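A.B. asks: Predicted structure and sequence below. I'll ask about it afterward.
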Amino acid sequence: HGAVALGGLIAFVLGLLWVVDPSQPALAIGVQVWLPIALVLGGSIFAVAWFARRSLQLADLAAERIGGRSMSGLSGYRAVVESVALDGRSGKALVRGETWNFVSAEALKPGQAASIVQVQGMTVELRPEVEVSKKGV
């Protein structure tokens, strides 16, 4: 995109220089007019490119920090079991407002909190969260 912007800036400057008939020097556009315009346009292009690149870097850092941008980015998120099959090791769970199919090595109950271990296609693997006892507090 930077090459296209630079090409546009060059075309703009050349267009200003070539727009007037050279046999009519009184109608020419002076350097004091086109140079500041070209500098402002070039600076604007640079500023937009810099802000776009910085935004992309910040988005990449945020995605890396929260583990996003892929289905495996759900690992570590909390899920709440909605329904279970008879064996208690599979069913439906609510994850970030979405209902997901789940499997688990341990039997789970509806309403129980669990953590996502990994994602396999459209199914999450859950591990029950350890409940902290409030006795003695």
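C.D. replies: Perfect, thanks for sending it.
A.B. asks: Point to the residue nearest the middle of the protein.
C.D. replies: The chain has A59 as the residue nearest its centroid, 5.0 Å off, counting by CA atoms, centre = their mean.
A.B. asks: chain center to the helix or strand hosting it, what's the gap?
C.D. replies: For A59, the host element (DSSP states H and E) is helix 31-66. Offset of helix 31-66 from its chain centre (CA atoms, centre = their mean, to the nearest Å): 18 Å.
A.B. asks: buried stuff in that helix?
C.D. replies: The neighbour-count criterion (16 or more other CB atoms under 10 Å) identifies 34, 38, 42, 45 as the buried residues of helix 31-66. (C-beta placed from N, C-alpha, C; glycine too.)
A.B. asks: partners of the helix or strand following that helix, with directions?
C.D. replies: The helix or strand immediately downstream of helix 31-66 is strand 78-84, counting by DSSP H and E. Based on DSSP bridges, the pairing partners of strand 78-84 within the sheet are strand 90-95 (antiparallel), strand 113-120 (antiparallel).
A.B. asks: mind saving the C-alpha coords of strand 78-84 as PDB?
C.D. replies: Taking C-alpha atoms only, strand 78-84 is exported to PDB below (Å, rounded to 0.1, in the frame of the first residue of the first chain):
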ATOM      1  CA  ARG A  78     -14.300 -20.700  31.900                       C
ATOM      2  CA  ALA A  79     -17.300 -22.700  30.800                       C
ATOM      3  CA  VAL A  80     -20.600 -23.500  32.500                       C
ATOM      4  CA  VAL A  81     -22.100 -26.900  31.800                       C
ATOM      5  CA  GLU A  82     -25.700 -26.600  30.500                       C
ATOM      6  CA  SER A  83     -26.600 -30.200  29.800                       C
ATOM      7  CA  VAL A  84     -24.900 -33.600  29.900                       C
END
